[in-house]
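S.K.: turn this into a structure:
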Amino acid sequence: MCLGIPGKVTDVYGSEGLPMGMVDFGGVRREVCMAYVADEVAAGDYVIVHVGFAISKVDEEEARRTFKLLEEISELDELEWMKEVAEQSLAGLDGGEPAAETGDGQATEGQP
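M.R.: As a prediction, this is how the structure comes out:
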């Protein structure tokens, strides 16, 4: 199964000649290659990320719809991790405090 997850771009920069960015997935931030969308995105935009690559830009409403779908399909036991990401991302979109990642890769509630 191929799955692209929406995330919010928090920073765009270059690294070793490649356009890169930091993307927030409900409080969990990951470095993502922005080569496919470099001319289209800036901090604050939403992108669909697949295996570490931002493959397309989406608007906030599309990101919200995708998170809701992920939340629904995460009811399957093997996709439980997806439910947590979807819920945290929706909370962030709705103005709540998304969980922030700690240095050990764990998410904690309400930390910047």
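S.K.: looking at the protein, which helix or strand does the model trust least?
M.R.: Of all helical and strand segments in the chain, the minimum by mean pLDDT, DSSP states H and E falls on strand 107-108, at a mean of 46.
S.K.: now the strands for the chain?
M.R.: In the chain, the strands defined using DSSP state E lie at 5-15, 18-25, 28-33, 46-50, 53-58, 100-101, 107-108.
S.K.: residue ranges in the chain under the pLDDT threshold?
M.R.: Along the chain, segments meeting pLDDT under 70 span 1-2, 74-82, 96-112.
S.K.: okay, now the nearest residue to Leu90 once chain neighbours are set aside: neighbour count?
M.R.: Once flanking residues are discounted, Leu90 sits nearest to Phe67: 4.9 Å by Cβ to Cβ, 6 or more residues apart in numbering. Glycine gets a C-beta too; all of them are placed from N, C-alpha and C. Residues lying near Phe67 (other Cβ atoms under 10 Å) number 24.
S.K.: which residues touch Phe67?
M.R.: By Cβ atoms under 8 Å, 6 or more residues apart in numbering, the contact list for Phe67 reads Pro6, Ala86, Ser89, Leu90, Leu93.
S.K.: one more time with 7 Å, if that's ok
M.R.: By Cβ atoms under 7 Å, 6 or more residues apart in numbering, the contact list for Phe67 reads Pro6, Ala86, Ser89, Leu90.
S.K.: so how far is Ala43 from it?
M.R.: Noted for Phe67: a distance of 20 Å to Ala43, by Cβ to Cβ, to the nearest Å.
S.K.: nearest to Glu61 among the contacts of Phe67?
M.R.: Nearest to Glu61 out of the contacts of Phe67 is Pro6 (Cβ to Cβ; 10.8 Å).
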